[in-house]
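# What would the 3D arrangement of this be:
(one chain, ligands or ions: 1)
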Amino acid sequence: MTLELRDVGWNAGFKKIISDVSLRVEPGEFLGLIGPNGSGKTSLMSVLAGIRAPSRGQALLDGQAMKKVGRRNLARRIGFVEQQADTIDRITVREAVALGRTPYLSLLSPWSEDDQAIVQKALEAVEMHLMADRMWQTLSGGEKQRVHIARTLAQQPDFLLLDEPTNHLDIHHQLGLLDLVRTLPVTVVAALHDLNHAAMFCDRIAMMDRGKLIAIGTPEQILTSQNLRDVFGVAADIERDDQGRCHIRYQVGISGQTGIKKDRVA
Ligand SMILES: Nc1ncnc2c1ncn2[C@@H]1O[C@H](COP(=O)(O)OP(=O)(O)OP(=O)(O)O)[C@@H](O)[C@H]1O
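Prediction:
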């Protein structure tokens, strides 16, 4: 069970958005993807999910080019929760989550009690089971986000790709969600803006800057004061707890040390 990019680049028209990315997602790991706004995280996730074909290089699922895997198989293997996904369909929460079972349904394999149970379990996992009969359009941003995640859980993928999954969520549901996906028997790749969450939950962190993957390693290797200054333009001290896990303490208002780097404002 491997997901791999080899020398991947992706262009939007003539514009190079990501380049020279080589990355192997290890089975069972929680890989965090970090980087400033516009550094290419979403673009990279879309290539990993098989939604965008690389302009250069190869995207491989179990060693096979993704374009050869086929939509239905890809949907059984890879679940992708995109940013700001929405629907105008008039459906209930339960129906929205049931869409996750689509790749498994066919004339020979119609909707069953098993599908029903999987949907119920997914709703419970994100604490949305009590709102299962509500209409999608009436949900808050955070509730919609939890339903998206439940739909992807119902898909029972081997790889769970999450693009800023904690957007819109209150702190209880942010921590609950990251803890949940960490304990699931899946391989997770998540683009995260909260670097302390990345430190708490990720086995490894991949750091993007201006379309390139500039470093990959354990949280302790990647979340250094120097990387935070060079890549994010912020000053921070890194503290370590008894188990060696790091915690970032940002510095603000210290002359000459904080603020957005000038070349990022342009
Ligand atoms: N279809 C497109 N056409 C033109 N430019 C694009 C397209 N898609 C992405 N970009 C540009 O590519 C760069 C990377 O975008 P991407 O969404 O991958 O970054 P990101 O790291 O996910 O950003 P954020 O943290 O703000 O969500 C940005 O400058 C964006 O404007």
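# ok, Glu127 - how many residues close by?
16 (other Cβ atoms under 10 Å). Where you see a C-beta, it was placed from the backbone N, CA and C, and this is true even at glycine.
# quick one: contacts for the closest residue to Gln137 other than its chain neighbours?
Excluding its sequence neighbours, the residue lying closest to Gln137 (Cβ to Cβ, 6 or more residues apart in numbering) is Arg90, at 7.2 Å. By Cβ atoms under 8 Å, 6 or more residues apart in numbering, the residues touching Arg90 are Met135, Trp136, Gln137.
# tell me, which of these make contact with the ligand?
Residues of those in contact with the ligand (Cβ under 6 Å from any ligand atom): none.
# ChimeraX command for the buried members of these?
A single ChimeraX command is used to select the members of the contacts of Arg90 judged buried by 16 or more other Cβ atoms under 10 Å:
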select :136
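# which among the contacts of Arg90 gets closest to the ligand?
Trp136 (23.7 Å; Cβ to the nearest ligand atom).
# From the ligand, how far out is Ile216?
16 Å (Cβ to the nearest ligand atom, to the nearest Å).
# That residue: neighbouring residues, count only.
Neighbours of Ile216 (other Cβ under 10 Å): 16.
# With the one 10 residues further on instead?
Look at Gln226: counted by other Cβ under 10 Å, it has 8 neighbours.
# tell me what the strand or helix carrying it is packed against?
Assigned by DSSP states H and E, Gln226 belongs to helix 225-227. Contact partners of helix 225-227 among helices and strands, from 3 or more Cβ pairs under 8 Å, 6 or more residues apart in numbering; DSSP states H and E: strand 235-240.
# ok, residues contacting the strand it packs on?
For strand 235-240, contacts defined as Cβ under 8 Å, 6+ apart pick out 220, 223-225, 228-229, 246-251, 254, 257-258.
# Noted, bye for now.
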